[in-house]
Every structure is written in C-alpha cells, then in structure tokens.
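In: My questions concern the predicted model and sequence given below.
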Amino acid sequence: LYATAGGDDFIAMTAGLAIVTGILGIAAGLARMGFLASFISQPVLKGFVVGLALTIIAGQLPALFGVPKESGNFFEEIAGLIQNLPETSSATLAVGAASLVIVLGCRRWLPLLPGSLLAVLLGIAATAVLGLEDRGVEVVGTITAGLPTVGVPEGLGFEDYLALAGAATGVLLLGFVEGLGPAKSYAARDGYDIDPNRELIGLGAANLGAGLTSGMVVNGSLSKSAVNANSGARSQVSNLTVAALVVITLLFLTGIFETLPEATLAAVVIAAVIELVDVPALVRLYRVWTGSLRHIYGWAARVDFIAALAALIGVLVFDTLPGLFIGIAVSVLLLVFRSSRPEVATLARIATPGIGQGVWVDAARHPDLPMRDDVIVVRVESSIFFANADNVRQAIRDRITDSTIGVVVDAETTPAIDVTATEMLTQLAEELHRRGIRLVVAHGIGQVRDILRQSGADVAVLQSMYATVDEAVASFSNRPEAPTASTEPD
C-alpha cells in the first residue's frame, strides 16, 4: 500500500509498520482498552479458534503432500489441494506422514519425549543420509545468519509513521484477537486468568522490538502456542529459552536447519493445532437446548452454538478478522433478539406452611397447581425496555379472559426498566382500567420504583405496588383464593 515490494523503502516501511503497531498496542494497554475483549463471548472465541486451526491445517497440507499451495480461503485451499493430488510427491508424503506419526505417537504413548523436536532432528538426519533433496523433497532452504541491526528504520519521517497508523490499527486488532483466542483457550485448560490489558502491552512491546530490529509485524500465533504447550511449556521461561536458542541458531546453527524438510515442519504444525479443532465443545454448545427455550425463542434457542458456528464459518470463508466480526455481530444480534422476546410466565401459588407467605412458581412447570381464574399473576423474566415493551404488553393481554378482574406483575425478576417501559405500563393500566381490570405490581425493586417515579409514571401505577405477590392478590377482593397445594418450589 505504501511501498513497492522489493523496493528500497519496502523493508523500512515494513519495520515502520511494526513500530507504529507497537506504540498503539502499548498505548491501548495503558489506557485499559482491553475491556473490549469482554464483548467477545466464549462461544465466539471457540468458533474462531476452531476455524483458525482448520485454516492453519489447510495451509500446511500442501507441504505435507508436496503439491503447490493454492491461495484463497479454507475451501479454496482444500479444493486446490484435491485438484493437485495427482502431483503428490511420494517421498514428501512419506516424510510428512512419518513425522506426523512420530509427533502424535510420542504425545500418545511417550508424553515425556519431545515428539516435535525428535521429528525435526530425524527429518534433518534423513535429508543428509537419504538425500531427500535429490528425491524431490522440499527443504527450508537458505537462512541468513547473524543478528539484525538495532535502530529506527532509515528514510522514514513523521508523515510516514502517521500514514501507517490506519493499517497499524487493523493489524493490532487482528493480532490481539488472534493471540487472545488461543491464550484464553489455554488459560481455561490450565486454570489461570488472562489480563487483556497486559496482552495488549505485551503485543505492543513485541512489535516495537521487532520494528527496531528491522523486523516485521508479529503477534501471538495459534500454531506456535500449540507447539509450545504440547512440548510441556508452563511459564514464560519457555519463551526466554526459545529466544536464547533463536540467537544461538542465528549465530551458529542456521546451516543445520536449512535442510529441514518442509513436510516435517508442516507435520509439526498440524499435530500442534489439530487438538484445537474442538468438535466435542461445539457439540456441547449444540446440546444446550430445551423445549421451553425453543418455545420462547424459536430458532434462536441455540444462541451460543449459532454464534460459534457463525464465527467458525466466517473464518473459513472470509478470513480471520472478518470471521471474528461476523461472530461478534451474530452474538449481539441474537442477544438483542432474545432480549426482545422475554419469557412472561403465568404463576401459581405453592403454600409454605410455617412461613406465612406462599411461593409463586411457573404454572407451566407445575400444571397440578390450582389457580384463580379472576386474578392473573405474571412474571417478566427480564428487564423491560424499549425493545421488548410491546411484546410484554401483548403477552399480558393474551392472558386476560372475560372473568379477569386483576393482573399482578411480579417484578422480582425485572432488574431494570426504562422510560418506554414505564409508558407501556401506564398505558396498559389505563387500557385495563377501562375494561374494569386493575393492574398492580409486586416486588418492585429499587431501580424499578425510582425510574417509575422519575419518569412521571401514572400515580395509580405507583400506588398499586405491593411488597409481596400475596399482598397484591389479596388486595383485589375478600374472596378466598383457590386452594393451594403444598410441594417444593422449582
């Protein structure tokens, strides 16, 4: 975008992008912008990680088979692999398959043996002993030895850094999310917490260091994290060890790794990320479903599975960052949709001898409980606000019969209310009053009462608030209530 590949300024602009990304990352972490990660739900992260792992595997399979790699999304890469299968190099496939068996076999039967390291060493040895290069097996190739120079890239002015800010913001966001997904997955597996702000600062510092050593943008890598974890790493000491080994390798050992077969490298990566294709977790999300949820929310009953699937498919089709945004957007839309259709339960009374107050439970879950036919008790199991006020009103209307003289709204499970909802309650109270029906509220918590007062709700609504549902029901008449059954509440 800002420099021509291969041009004199290309390396300088690449390092400059890393520097700007690093500065933005550190600034975002110090400003505690990591809270944005809270808007990414665990199911979305799960779908994102699974999609990213599948994408990495698809990208490594051509090297395993010794065929050309096609560009594009996951499905295009798989289609290209299938199309190129007739060109498979038998020697390359044999090396890759053997390496994969070694890594997975050590993980399964010899967990104390570093399978990845063993596969790499055997691959290098096989190249020398069997002459794999002459048999058509691709190797890593030339690796420039020596340490990079440290300093600000030459030839860049303030305007150049400023021009890179937009691209650096996108790179930072993508790197943050790609690193955060695996980090949370391993944190959940091993029982520790992740601080998103420290992750931002760490990502920024890494990019700043990369830019000052003529490097390119870096970020947390799912495949490298998987290799690290599967090798038994449990702390930052592993990263310090890797850093020291990289320095030693650049100074003295580059020639050894130049003969590492690409198929072995691909096998190590595939073996590392394959366990992150967590299909059982997706199945568990799919099974989080009940008939009552389907009755309330319809197709959106499996909200977590749908969000995870959206992120997964988004990553496979549109790449990592768009896939993540698709998952977030779908999860937010499903949240709004479900919030707009809260459960409005009709309640029945369970007698509790010795307590004095009855327990009011969902009548649909206790069909054996008798109910009064002239007083309806309903419970809105959600906050009432602009998006669901009309649905709540209609749900109450649908329960009214010709014999109804009163409606009690149990607000114990309604933690908040807005102006739109107060106007709805006022209008509903007036509508029912014209029909000879009185609307009262029970268990109105402090926030609900405060909003009703501050919004200027009808005085009749405020005066018709009771501490308990029993008191609210008793206020309608001196008629005895329907007999009550003694059982345990749900």
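Out: Here it is on my side, so go on.
In: now the end-to-end length of stretch 103-114.
Out: 8 Å (Cα to Cα, to the nearest Å).
In: quick one: low-confidence parts of this protein?
Out: For the chain, the stretches flagged by pLDDT under 70 are 1-8, 221-223, 231, 353-356, 444-450, 452-463, 477-490.
In: Can you show me the strands along it?
Out: Assigned by DSSP state E, the chain shows strands spanning 344-350, 359-362, 375-380, 406-410, 438-442, 465-466.
In: Which strands or helices does the fifth one pack on?
Out: Under the contact criterion of 3 or more Cβ pairs under 8 Å, 6 or more residues apart in numbering; DSSP states H and E, the helices and strands touching strand 438-442 comprise strand 406-410, helix 419-434, strand 465-466, helix 469-474. From N, CA and C alone the C-beta is placed, and that goes for glycine too.
In: Same list (the strands of the chain) but as JSON lines, adding distance to Leu173 and mean neighbour count.
Out: Shown next, in JSON lines, are the strands of the chain (distance: least, Cβ to Cβ, whole Å; neighbours: other Cβ atoms under 10 Å):
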{"stretch": "strand 344-350", "distance to Leu173": "40", "mean neighbour count": "21"}
{"stretch": "strand 359-362", "distance to Leu173": "44", "mean neighbour count": "20"}
{"stretch": "strand 375-380", "distance to Leu173": "38", "mean neighbour count": "22"}
{"stretch": "strand 406-410", "distance to Leu173": "44", "mean neighbour count": "24"}
{"stretch": "strand 438-442", "distance to Leu173": "45", "mean neighbour count": "22"}
{"stretch": "strand 465-466", "distance to Leu173": "48", "mean neighbour count": "18"}
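In: okay, the ones you listed in JSON lines with distance to Asp398 next?
Out: Listed next are the strands of the chain as JSON lines, based on distance: least, Cβ to Cβ, whole Å:
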{"stretch": "strand 344-350", "distance to Asp398": "9"}
{"stretch": "strand 359-362", "distance to Asp398": "16"}
{"stretch": "strand 375-380", "distance to Asp398": "10"}
{"stretch": "strand 406-410", "distance to Asp398": "12"}
{"stretch": "strand 438-442", "distance to Asp398": "15"}
{"stretch": "strand 465-466", "distance to Asp398": "24"}
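In: I'd say Val344 and Ala395 touch.
Out: Yes. Counting by Cβ atoms under 8 Å, Val344 touches Ala395, with 3.8 Å between them.
In: Tell me the buried residues in stretch 247-259?
Out: If you call a residue buried by 16 or more other Cβ atoms under 10 Å, then stretch 247-259 has these buried ones: Thr249, Thr259.
In: gap between the two ends of that stretch?
Out: End-to-end for stretch 247-259, by Cα to Cα: 19 Å.
In: related to what we said a few turns ago, and Asn207, which of the strands of the chain is closest to it?
Out: Nearest of the strands of the chain to Asn207, taken as Cβ to Cβ: strand 375-380 at 49.0 Å.
In: and that closest one with strand 344-350, angle?
Out: Angle of strand 375-380 versus strand 344-350, following axes from the mean of the first three to the mean of the last three Cα atoms, to 10 degrees, is 120 degrees.
In: Tell me which other helices or strands strand 375-380 touches.
Out: Against strand 375-380 (3+ Cβ pairs under 8 Å, 6+ apart) you get strand 344-350, strand 359-362, helix 389-399, strand 406-410, helix 469-474.
In: how about these, which one is nearest Gly22?
Out: Smallest distance to Gly22 across these (Cβ to Cβ): 47.9 Å, for helix 389-399.
In: For Ala31, grab the count of nearby residues.
Out: 10 (other Cβ atoms under 10 Å).
In: which residues touch Leu81?
Out: Residues in contact with Leu81, defined by Cβ atoms under 8 Å, 6 or more residues apart in numbering, are Ala58, Leu61, Pro62, Phe65, Val67, Glu70.
In: Pipe these into TSV and attach distance to Leu36 per row.
Out: TSV is the format used below for the contacts of Leu81 (distance: Cβ to Cβ, whole Å):
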residue	distance to Leu36
Ala58	29
Leu61	34
Pro62	36
Phe65	40
Val67	41
Glu70	35
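In: got CSV for those, with distance to Tyr297 and neighbour count too?
Out: Listed next are the contacts of Leu81 as CSV, based on distance: Cβ to Cβ, whole Å; neighbours: other Cβ atoms under 10 Å:
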residue, distance to Tyr297, neighbour count
Ala58, 34, 22
Leu61, 39, 18
Pro62, 43, 22
Phe65, 45, 22
Val67, 46, 21
Glu70, 41, 16
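In: about what we covered before: which neighbours do Val344 and Ala395 share?
Out: Val378.
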